[in-house]
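Student: Next input, structure requested:
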Amino acid sequence: MCEKSEQICEGQGHTPGPWRQGENYPSRILAGEGSAARIVAGTCLPVDEETPNETELANARLIAAAPDLLEALKLYMASVELMNAAMKDGGNVHGALSALVGAEDMANWAIAKAEGRS
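Tutor: Next up, the predicted model:
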């Protein structure tokens, strides 16, 4: 997992999240807040367009949600491993199930962000 203060996620090579769409330029993806915010990605506009169309905005939302989707998948996979281990050796299945439900909540939130529903 990346610490928000890190410039690059160690071992992953990307800028830590959360990422978000720019307020004035929603086709730009920003990381950080205020004067520390910087562009990490963006979608390209056709030469004859000044504002992004719905497809470009949807692409930008998906890109902005990428770090959240990655973290949700990592949490989900760790939860599945925990559940499998608990079921195999009769461990704490209830605790493993709670972790899995938490991962599901995080995944649903990240998907909603990617789809523009959050």
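Student: Give me the mean pLDDT for stretch 111-118.
Tutor: When pLDDT is averaged along stretch 111-118, the result is 88.
Student: where does this structure dip in pLDDT?
Tutor: By pLDDT under 70, the low-scoring segments of the chain are 1-12.
Student: ok, then the element right after the strand or helix carrying Asp68?
Tutor: Asp68 belongs to helix 54-89 when elements are defined using DSSP states H and E. Downstream of helix 54-89, the next assigned helix or strand under DSSP H and E is helix 93-114.
Student: buried sites along that following helix?
Tutor: Applying a neighbour-count criterion of 16 or more other Cβ atoms under 10 Å, one finds 96, 99-100, 103, 106-107, 109-110, 113-114 buried in helix 93-114. C-beta: built from backbone N, CA, C; applies to glycine.
Student: Please apply the same query to stretch 85-95.
Tutor: In stretch 85-95, counting by 16+ other Cβ under 10 Å, buried: Ala86.
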